[in-house]
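> how would this look folded up:
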Amino acid sequence: MMKFLTAAAAVALLIAPVASTASAADTVSGAGSTFAAPLYAKWAEGYKRATGASLNYQAIGSGGGIKQIEAGTVDFGGTDKPLTEDVLAQQHLYQFPTAVSGVVPAINIPGIPTGKLKLPGKVLADIYQGKITKWNDPAIAQWNKGLNLPNLPITVVHRSDGSGTTFIFTTYLSMASADWKSGVGANDAVEWPVGVGGKGNDGVAALVHGTAGSIGYVEYAYVMKTGITYALVASHDATWPLPTAAAFKAATAGADWAHAPGNYLMIVNQPGANAWPISGATFALVHTNPTAADAAKVAGVLKFFDYGFKNGDFNANDLLYVPLPASVKTLIRKQWADQIKVDGKPVYVSPNK
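Purely as a prediction, here's the structure:
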């Protein structure tokens with residue numbers, strides 16, 4: 001049986017090494033994506049054992065991570081909402097993907113087993129707009145013949161914090177529904193028409209778990225570690241794939257990182273019968289022009305992720321993330337040397353190829 005960290009354990013594990021014998025200079029600080037937190041926690045364990053260096057990562061949501069790296073209060077920001085090339089240039093930031101996973105509708109409907117309820121994107125958008133308010137609504141029932149859908153009010157759960165998971169989810173809803181696109185849109189924080197908010201992926205999962213009739217959206221590792229029931233969503237090709245690492249990987253089949261300006265790339269609603277439609281990468285943000293005094297910190301960030309790229313694929317697989325292909329890792333390592341410099345010299349040159 002797979003072992004998954006609780007959100008509290010992930011944060012505790014990441015913060016605990018700060019109190020170790022490693023000096024402050026050996027501690028890399030980061031903040032942001034809760035989507036990525038379980039993976040970074042596992043990488044931090046191995047990195048500490050291998051190097052003695054520590055990671056202090058605060059899982060506060062992508063919006064918070066972006067704000068903190070822009071303010072210079074952390075060494076890197078974690079986000080599932082990639083920044084555009086223009087924003088990166090304005091803020092003197094560089095971003096790179098670290099792994100891929102999927103966002104899954106989590107449900108709590110008495111009598112409905114996991115992976116059986118089917119929700120096309122338009123129906124999911126209508127639920128989140130408050131247009132469908134009961135689970136036995138004909139718009140849901142027509143896709144779920146044979147399921148005993150209860151006459152139960154729907155409680156919509158969403159993120160209360162700025163969230164890259166929200167960005168991925170609302171991007172999918174905007175693709176599936178013209179009404180959602182024009183009325184709500186896609187962002188890391190939106191004006192939700194209905195529902196209650198939970199902080200972080202763990203907060204949404206907890207609310208859904210404790211509320212009969214509820215639906216939320218979480219990164220798939222949180223489904224696995226909590227055992228919460230999930231629903232299926234229709235793929236680009238009108239199939240109903242299961243949310244698995246293979247399905248998240250299938251969504252990346254056409255991902256062309258080599259021609260993605262600023263590494264901005266969305267993999268939502270990609271073609272392919274087996275591609276999970278609400279998939280996305282998680283990213284790290286660092287400053288491109290650190291001061292000489294901060295260069296060691298930025299180098300520490302890149303060393304940490306270089307370690308994860310080389311040694312952490314098994315962690316990613318265990319937690320049902322999709323590791324980046326070797327060719328993409330090579331591309332990113334080259335970008336580190338080319339784009340992050342002090343006095344014209346690279347802050348970090350990877351020994352790994």
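> Quick check: which ranges of the chain have low pLDDT?
Under the criterion pLDDT under 70, the flagged ranges of the chain are 1-25.
> Dump the strand ranked longest in it to CSV, restricted to CA.
The residue-count maximum for a strand in the chain (DSSP state E) belongs to strand 93-108. What follows is strand 93-108 as a C-alpha-only set of coordinates in CSV (Å, rounded to 0.1, in the frame of the first residue of the first chain):
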residue,chain,number,x,y,z
LEU,A,93,12.2,35.9,-12.7
TYR,A,94,12.9,32.6,-14.4
GLN,A,95,10.5,29.6,-14.1
PHE,A,96,11.0,26.0,-14.8
PRO,A,97,8.7,22.9,-14.5
THR,A,98,9.5,20.3,-11.9
ALA,A,99,6.8,17.6,-12.4
VAL,A,100,3.3,17.0,-13.7
SER,A,101,0.2,15.7,-12.1
GLY,A,102,-3.6,16.0,-12.3
VAL,A,103,-6.5,17.8,-10.7
VAL,A,104,-9.4,15.6,-9.8
PRO,A,105,-13.0,16.3,-8.7
ALA,A,106,-13.3,15.0,-5.2
ILE,A,107,-16.9,14.0,-4.1
ASN,A,108,-18.8,12.9,-1.1
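> what's the very next helix or strand once past it in contact with?
Moving toward the C-terminus from strand 93-108, the next helix or strand (DSSP states H and E) is strand 118-119. Outside of strand 118-119, the residues that reach it under the criterion Cβ atoms under 8 Å, 6 or more residues apart in numbering are P105, I127, I140, W143, N144, A231, L232, V233, A234, W240. In this view, the C-beta of every residue, glycine as well, is placed from N, C-alpha and C.
> likewise stretch 346-353?
Residues outside stretch 346-353 that contact it (Cβ under 8 Å, 6+ apart): 290, 295, 298-299, 302-303, 306, 309-310, 329-330, 333, 336-338, 340-341.
> list the buried ones in it?
Neighbour-count burial for stretch 346-353, with 16 or more other Cβ atoms under 10 Å as criterion, is recorded at P346, V347, Y348, S350.
> and these, which two are the farthest apart?
Between any two of the buried residues of stretch 346-353, the greatest separation by Cβ to Cβ is 11.2 Å, found for V347 and S350.
> mind checking how far the closest residue to G308 other than its chain neighbours is from I332?
In space, G308 comes closest to W43 once its chain neighbours are excluded; the distance is 4.1 Å by Cβ to Cβ, 6 or more residues apart in numbering. For W43, the distance to I332 (Cβ to Cβ, to the nearest Å) stands at 15 Å.
> The two: who's more crowded?
Neighbour comparison, W43 and I332: the larger count goes to W43, with 25 against 21 (by other Cβ atoms under 10 Å).
> The more buried one: helix or strand, and which one exactly?
Assigned by DSSP H and E, W43 belongs to helix 37-51.
> quick revisit: quick one: which of the buried residues of stretch 346-353 is nearest A245?
The shortest approach to A245 among the buried residues of stretch 346-353 belongs to S350, at 25.7 Å (Cβ to Cβ).
> Number of residues surrounding V194?
Neighbour count of V194, defined by other Cβ under 10 Å: 14.
> same thing with A139?
Applying the criterion other Cβ under 10 Å, we find 14 residues in the vicinity of A139.
> contacting residues for it?
Taking Cβ under 8 Å, 6+ apart, we find A139 in contact with V123, D126, I132.
> Tell me the one among those nearest to G162.
When those are compared for distance to G162, the smallest value, 24.6 Å, is given by D126; criterion: Cβ to Cβ.
> Was I right to think that closest one contacts P138?
No: the pair D126 and P138 fails to qualify as a contact (Cβ atoms under 8 Å) at a distance of 11.8 Å.
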